[in-house]
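Asker: show me how the following folds:
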Amino acid sequence: MAAEKKGLQLLDFWVSPFGQRCRIAMAEKGLAYEYLEQDLGNKSELLLRSNPVHKKIPVLLHDGRPVCESLIILQYLDEAFPSTPALLPAGDPYARAQARFWADYVDKKVYDCGSRLWKLKGEPQAEARKEMVEILKTLEGALGEKPYFGGDTFGFVDVAFVPFTAWFLSYERYGEFSVAEVAPKLAAWAKRCGERESVAKNLHPPEKVYEFIGVLKKKYGVE
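Answerer: Next up, the predicted model:
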């Protein structure tokens, strides 16, 4: 068996908000890595071997050893590279717990509800729209008057949530609402984050995401 490759490699899919978290985090930390695009319709032997339980991206390989699940990868990067800028607030267990809570909230709420917005029609879609508006308002409440979720510093929750801002346009079109109207502070936060180099270089234009959802709709027979 060939020797495992040293350094960082990321098994990912171009439009995945979960993979984009990892890319943004490594950009913020100034960490070099090899990007390995995956065909999710024909999963590679490397992906299946690296994540045999869930068989999903993203997977971070560090000197050949796999770390799975995006939020776990973010925390791993903080711990494995302590000399780089920390994503979780240092020296404050309560603030770290709060950051983990809100990142977990994003994980459990945003992607699933957003998917229902474009997959469903009629009353179920209307329910998804109502739920998405409440999710965004809840997150805006957590943001408050701060420039970033952790305060003055772009951090863990921002990295966890910001990839979904590229999906806002799609959520708006399918849900027939405006993020700027229902959560103006959140919309301003999204714009602020989008001006960061780490974010701008790793997110795709919202129109491209919308086109990708159109492909998914055809794939799943949703018209």
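
Asker: secondary structure class of Val67, three-state.
Answerer: strand (DSSP: H, G, I helix; E, B strand; the rest coil).

Asker: which secondary structure element contains His204?
Answerer: Here His204 is covered by no helix or strand, with elements defined by DSSP states H and E.

Asker: run a quick neighbour tally on it.
Answerer: Residue neighbour count, defined by other Cβ atoms under 10 Å, stands at 15 for His204. Bear in mind the C-beta positions are built from the backbone N, C-alpha and C, glycine included.

Asker: repeat for the one 5 residues further on
Answerer: Other residues within reach of Val209, judged by other Cβ under 10 Å, total 22.

Asker: after the longest helix seen in the chain, which helix or strand is next? Please name it.
Answerer: Longest helix in the chain, counting residues (DSSP state H): helix 93-119. Using DSSP H and E, the helix or strand that follows helix 93-119 towards the C-terminus is helix 122-143.

Asker: angle of that next one against helix 93-119?
Answerer: 160 degrees (axes from the mean of the first three to the mean of the last three Cα atoms, to 10 degrees).

Asker: which parts of helix 122-143 count as buried, going by neighbours?
Answerer: Gln125, Ala128, Arg129, Glu131, Met132, Val133, Ile135, Leu136, Leu139, Glu140, Ala142, Leu143 (16 or more other Cβ atoms under 10 Å).

Asker: from the middle of its chain, how far away would the longest helix of the chain be?
Answerer: With Cα atoms, centre = their mean, to the nearest Å as the basis, helix 93-119 stands 10 Å off its chain's centre.

Asker: what packs against that helix?
Answerer: Contacts defined by 3 or more Cβ pairs under 8 Å, 6 or more residues apart in numbering; DSSP states H and E place helix 93-119 against helix 70-80, helix 122-143, helix 156-161, helix 168-175, helix 206-219.

Asker: can those helices go into JSON lines with extra columns for mean pLDDT and distance to Gln98?
Answerer: Conversion of the helices and strands packed on helix 93-119 to JSON lines gives the following (pLDDT from 0 to 100; distance: least, Cβ to Cβ, whole Å):
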{"stretch": "helix 70-80", "mean pLDDT": "98", "distance to Gln98": "14"}
{"stretch": "helix 122-143", "mean pLDDT": "98", "distance to Gln98": "9"}
{"stretch": "helix 156-161", "mean pLDDT": "98", "distance to Gln98": "8"}
{"stretch": "helix 168-175", "mean pLDDT": "97", "distance to Gln98": "24"}
{"stretch": "helix 206-219", "mean pLDDT": "95", "distance to Gln98": "29"}
